[in-house]
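Undergrad: can't give you the sequence, but here's the structure:
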Ligand SMILES: CSC[C@H]1O[C@H](OP(=O)(O)O)[C@H](O)[C@@H]1O
């Protein structure tokens, strides 16, 4: 998407042809920093410590990690070591495992002298595919927004609530949950977005709000606990969120707090949609709540909050007593029964095995 008058993706091959440049999202919205990742270790740290985050972007970054590893050492040993190192970074987003398996399956039978070039080409292909998938998700989600807009008075805004960041910063471009929003803006449909701040890492407050502001999307930042109240008072027409892994039965794993939004939406008859590209579907999982691994991150992310001080310094402040332990499950699973529909690149699926199979019969 555009940042000022320049178009950016979230990740791209450095002009040296080997390294990978990324937007280091830890510093947004205060600073727009681009960093170069030169080794597979650099890339593993960037994923683990959330310099880049978001399921599709994690997958693409890992794919480039395999390419960088092959450029350094194209041996089988290095191929497997890179797979293990990158796989160990974050357990929940299925896109990471999908991309790593895709790369290793491609590279294993290739002569070692050809592996690096093949790997970079495939990583770039996965990145390009992500952009196309998200654009298609946007078109399919736009139809939902149009239908809601048709039931409103001329000029009355469609109020959409989203949780965390499933925007272009979570992907290579466009985003998943935000793709329909951006296309609605392009189509001249009046929209307004309630942006959940999304504790503890504040991906909503720091990333989604930055995205919305950068693209002129009317939006309001809210605390995570306000969404139910707004839905009770008819202030939300639609909830659209992303997902890190969706089970074959339609259960949806997403940032912690998504489940609570889905409960409130159900209780208030607010449509609750999940936007996802098909690589985010885990066809091997039939019960999301029991089978999807939930990443437990450091409690320090709860106790210490990043922000910009009055003197302009970006720093962390402690919001709880030093001695207080903090739990930090990073995701939860929304049962399919609470999901109105899954917005994919092929259309909107009912959140069920049969619904997904209808759109993806090859699985
Ligand atoms: C389009 S996937 C976005 C998804 O990823 C986020 O998690 P994290 O920021 O920890 O990588 C969140 O669950 C978003 O919905």
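TA: Cool, got the structure. Everything quoted here is computed from the prediction, not taken from an experiment. Residues are numbered from 1 along each chain as shown.
Undergrad: Around the ligand, pick out the residues from the stretch 251-363 of the chain.
TA: Counting by C-beta under 6 Å from any ligand atom, the residues of the stretch 251-363 of the chain lying close to the ligand are 254, 255, 330. Bear in mind the C-beta positions are built from the backbone N, C-alpha and C, glycine included.
Undergrad: Which ones among those map onto strands?
TA: For those, membership in strands holds for 254, 255, with DSSP state E as the criterion.
Undergrad: Identify, from the residues of the stretch 251-363 of the chain next to the ligand, the entry nearest to the ligand.
TA: The shortest separation between the ligand and any of those is 3.4 Å, and it belongs to residue 255 (by C-beta to the nearest ligand atom).
Undergrad: correct me, but the closest one touches residue 203?
TA: Yes: contact criterion C-beta atoms under 8 Å: residue 255 and residue 203 qualify, at 7.1 Å.
Undergrad: Can you work out which residues contact both of those two?
TA: When C-beta atoms under 8 Å, 6 or more residues apart in numbering defines a contact, the residues bordering residue 255 and residue 203 alike are residue 164.
Undergrad: Report the contact partners of the residue in the stretch 51-200 of the chain that the ligand sits nearest to.
TA: Relative to the ligand, the nearest point of the stretch 51-200 of the chain is residue 53 (3.4 Å; C-beta to the nearest ligand atom). For residue 53, the residues meeting the contact criterion (C-beta under 8 Å, 6+ apart) are 25, 47, 165, 170, 203.
Undergrad: hang on, it is in a strand, isn't it?
TA: No: with DSSP: H, G, I helix; E, B strand; the rest coil as the criterion, residue 53 is located in coil rather than a strand.
Undergrad: could you measure it against residue 59, distance?
TA: Residue 53 sits at a distance of 11 Å from residue 59 (criterion: C-beta to C-beta, to the nearest Å).
Undergrad: pLDDT score assigned to residue 8?
TA: Per-residue confidence (pLDDT) for residue 8: 89.
Undergrad: ignore the last one, residue 1
TA: pLDDT for residue 1: 85.
Undergrad: wait, doesn't it sit right on residue 7?
TA: Yes: under the contact definition of C-beta under 8 Å, residue 1 touches residue 7, with a separation of 7.1 Å.
Undergrad: Neighbour count: those two, which is higher?
TA: residue 1 (17 against 9; other C-beta atoms under 10 Å).
Undergrad: residues touching the closest residue in space to that one that isn't next to it in sequence, list them.
TA: Once flanking residues are discounted, residue 1 sits nearest to residue 168: 4.5 Å by C-beta to C-beta, 6 or more residues apart in numbering. With contacts defined as C-beta under 8 Å, 6+ apart, residue 168 is in contact with 1, 10, 134, 174, 175, 178, 211.
Undergrad: try 7 Å this time
TA: 1, 10, 174, 175, 178, 211 (C-beta atoms under 7 Å, 6 or more residues apart in numbering).
Undergrad: okay, among the residues you listed, which ones form the most distant pair?
TA: The widest separation within the contacts of residue 168, taken as C-beta to C-beta, falls between 10 and 178 and amounts to 12.8 Å.
Undergrad: What are the phi and psi values at residue 72?
TA: Geometry field for residue 72 lists phi and psi as phi -80, psi -40, criterion degrees, to the nearest 10.
Undergrad: can you pull the contacts of it?
TA: With contacts taken as C-beta under 7 Å, 6+ apart, residue 72 has the following neighbours: residue 39.
Undergrad: ok, which stretches of the stretch 51-200 of the chain are strands?
TA: 158-162, 191-196 (DSSP state E, counting those that start in this stretch).
Undergrad: Run me through the strand neighbours of the first one, direction for each.
TA: It refers to strand 158-162. In the sheet containing strand 158-162, the strands it pairs with under DSSP bridges are strand 191-196 (parallel), strand 238-241 (parallel).
Undergrad: Mind putting these into a markdown table with mean pLDDT and distance to residue 112?
TA: Putting those into a markdown table (pLDDT from 0 to 100; distance: least, C-beta to C-beta, whole Å) gives the following:
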| stretch | mean pLDDT | distance to residue 112 |
| --- | --- | --- |
| strand 191-196 | 98 | 47 |
| strand 238-241 | 98 | 43 |
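Undergrad: Any idea which of those gets closest to residue 322?
TA: Counting by C-beta to C-beta, residue 322 lies closest to strand 191-196 out of the strands paired with strand 158-162; the figure is 28.2 Å.
Undergrad: re earlier: look at residue 10 and residue 178 and report which has more neighbours.
TA: Neighbours per residue, other C-beta under 10 Å: of residue 10 and residue 178, the larger number sits with residue 178, 33 against 26.
Undergrad: Can you give me every residue that contacts the closest residue to the more buried one other than its chain neighbours?
TA: Sequence neighbours aside, residue 167 is the residue nearest to residue 178 in space, at 4.1 Å (criterion: C-beta to C-beta, 6+ apart). With contacts defined as C-beta under 7 Å, 6+ apart, the neighbours of residue 167 are 175, 178, 207, 208, 211.
Undergrad: Equivalent analysis for residue 227, please.
TA: Residue 227 sits in contact with 161, 194, 196, 261, 264, where contact means C-beta under 7 Å, 6+ apart.
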